[in-house]
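>>> build me a model:
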Amino acid sequence: MTSGLTRSILLPVLFLLFCGMGVIFLISQICTGKSLWLWTGLAGSAILLCGGVLTTLLIRTRIISRLHPLISAMPNVIGEDSRAGVPVQTHCNDEISQLCRQFNAMSERTHSAMEHLRQALDNSEKQQAAMRQQKQYMEEKLQHYQELQYDSEKAERLEMIGTAAGGAAHDLNNILAGVVSYPDLLLMKTEQDSPLYKPLKIIQDSGRRASAIVQDLLTLTRRGAVDKKEISLNTVVEQYLESPEFLSLMGEHKQTVVITEPAEDLYPIRGSNLHLSKTIMNLVSNAVEAMPRGGKVMISTDNWYKDTGMTTLYETVGEGIYVILQVSDQGKELAREELEKIFQPFFTTKTMGRGGTGLGMVIVRETVKDHDGHIFCESGIDRGTEFTIFFPALSSALLKAEVLEKPPLSIQGKGEKILVVDDVPEQRELATAILVKLGYQVSTAATGEQGIELIRQEQFDLLLLDMILGEGIDGLDTFRAIRKYNPAQKALITSGYSESERIKTALQLGAGRHIKKPYIIQELGYAVRQELERPGS
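The predicted structure is shown next:
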């Protein structure tokens, strides 16, 4: 403010000073009489020019000093990140001060409008997010409805097939009765060296296979009773590879090779030999026909234990002991759409007129369901297609075959007390049966928490601890808690998986060794005996 006042006084003084100098110079020239008019014009022009310049500077300085607060406040109004304008200070009541007051009012209205706009944008974004969530929810509901509708249509199709299959099966059974029964009567009266014996035997076998096809139709609609008994899946595979159907199939596809990899000591299952043989026949024939130029078909069996459930494209396989059957080919990759429909009625990837009714894989899946099993299919580039079937292992038969035999003296127990902690009831029963037969006293717990409580109440010579325990704490946390209570507690870790980091940690904490499920009598017996006789803790 002081600087503006100084400039406003200095400029008029300079203006008067120049004017006075011009007048003095003019008078001096008049008195001397030299070039009066010339010097008069020059002096007047100089004085007017200086006066005009000084007057302009004076006006400019005054205007800028009055507008400076207004100009300095504008960035606060028009800036992108501003939230409130800074009001322009005024001390007068002239036109510029009035302009400043109007500017302040405009600034307040602008910022108010901007704030309302920001709130509107925020609300709009929230509404859009809510609409997106609602859209996603509606899409999920629609998809669920479509799936239900598809399941309903599928059930209707199966019901129609069942009605037709039921009527056809009734008629076919009446016709096949003579084809199956009369050869039996004739064979009883025919010597084996008779030329009629072999033809009659072929008629008998053909009639039985035809009867099995009728049973497949009934299986499709769950109308047939499947006669199950204890069988070996390896035996079923061997019998199929010797059947006329397989020999005929190989005769038509001489460039195709079938390789088998049966597992040794395969667990028995409970099932129907005829139905499972037809299942293998369907899978193998599909694999062979998927390679018109020849290739390899692999048939393998194995024992398999699963600690946790496994979800596939088709269903969920629960935990437990299984016997698995795998049939794979080297044909072309199946698209995901084909994999999703492969178990649907009347769906086929075969060329029209070259076989394939679209019911083969449906019958396979229904047969697997009748055996309480699971099936899924995988396909990929340069790997062909592979079907995997899970059949529940027959634990009681396993015990009968292995446990009831007299164990070697080297693995016999001496009455030591063992605690088995496992969340699967069948596994607890199996481990208990084995250990009791070996001469041990056995207690069981279904969770880690129950195991800890039993350890606190009673002393055990050995802990047989499953690493994955479903609900609650797992085997590692259970072992940690038990070791805090009893640092000398001996233990064996069991699991269906290979050694994981948590298993390694348990071994580092003092567990004796890791035993992989399913249990093998000799391996479990030796491991228990070794851990009990191991010195130290």
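
>>> so where is the stretch 1-150 of the chain shaky, pLDDT-wise?
Across the stretch 1-150 of the chain, the ranges flagged by pLDDT under 70 are 1-100.

>>> strands of the stretch 251-400 of the chain, start to end?
Assigned strands in the stretch 251-400 of the chain, in chain order: 256-261, 269-271, 295-306, 310-311, 316-317, 320-328, 374-380, 384-392 (criterion: DSSP state E, counting those that start in this stretch).

>>> now those strands as a markdown table including distance to K517 and mean pLDDT?
(C-beta placed from N, C-alpha, C; glycine too.) What follows is the strands of the stretch 251-400 of the chain, written out as a markdown table (distance: least, CB to CB, whole Å; pLDDT from 0 to 100):
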| stretch | distance to K517 | mean pLDDT |
| --- | --- | --- |
| strand 256-261 | 21 | 92 |
| strand 269-271 | 17 | 89 |
| strand 295-306 | 4 | 88 |
| strand 310-311 | 15 | 67 |
| strand 316-317 | 15 | 76 |
| strand 320-328 | 8 | 88 |
| strand 374-380 | 18 | 84 |
| strand 384-392 | 15 | 89 |
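
>>> would you turn these into CSV with mean neighbour count and distance to Q239?
Formatted as CSV, the strands of the stretch 251-400 of the chain follow (neighbours: other CB atoms under 10 Å; distance: least, CB to CB, whole Å):
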stretch, mean neighbour count, distance to Q239
strand 256-261, 14, 12
strand 269-271, 22, 13
strand 295-306, 19, 13
strand 310-311, 12, 30
strand 316-317, 14, 27
strand 320-328, 22, 14
strand 374-380, 19, 21
strand 384-392, 22, 16
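
>>> want to try TSV for those strands, with distance to S410 as columns?
Formatted as TSV, the strands of the stretch 251-400 of the chain follow (distance: least, CB to CB, whole Å):
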stretch	distance to S410
strand 256-261	32
strand 269-271	31
strand 295-306	24
strand 310-311	37
strand 316-317	37
strand 320-328	26
strand 374-380	39
strand 384-392	32
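
>>> so which of those strands comes closest to Q128?
strand 310-311 (34.1 Å; CB to CB).

>>> where exactly do the helices run in the stretch 201-350 of the chain?
Listed in chain order, the helices of the stretch 201-350 of the chain (DSSP state H, counting those that start in this stretch) span 233-241, 244-252, 273-289, 336-341.

>>> and the contacts of the second one?
What it means is helix 244-252. For helix 244-252, the surrounding residues in contact (CB atoms under 8 Å, 6 or more residues apart in numbering) are D205, R209, Y240, T256, V258, M281, V284, S285, V288.

>>> how about the secondary structure of V420?
strand (DSSP: H, G, I helix; E, B strand; the rest coil).

>>> ok, what's across the strand from it?
Beta bridges link V420 to T444, L464, judged by DSSP bridges.

>>> re the thing from before, any chance of the contacts of helix 244-252 in JSON lines, plus distance to F460?
Listed next are the contacts of helix 244-252 as JSON lines, based on distance: CB to CB, whole Å:
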{"residue": "D205", "distance to F460": "58"}
{"residue": "R209", "distance to F460": "56"}
{"residue": "Y240", "distance to F460": "49"}
{"residue": "T256", "distance to F460": "57"}
{"residue": "V258", "distance to F460": "51"}
{"residue": "M281", "distance to F460": "51"}
{"residue": "V284", "distance to F460": "50"}
{"residue": "S285", "distance to F460": "55"}
{"residue": "V288", "distance to F460": "56"}
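
>>> by pLDDT, give me the weakest of those residues.
Taken together, those show their lowest pLDDT at R209, with 72.

>>> for burial, what's the neighbour tally of the residue lying closest to that one once chain neighbours are set aside?
Nearest residue to R209, sequence neighbours excluded (CB to CB, 6 or more residues apart in numbering): E245, at 7.6 Å. E245 sits with 14 neighbouring residues when counted by other CB atoms under 10 Å.

>>> likewise E458?
Using other CB under 10 Å, E458 has 10 neighbouring residues.

>>> give me phi/psi at it?
Phi and psi for E458, reported as degrees, to the nearest 10, are phi -150, psi 150.
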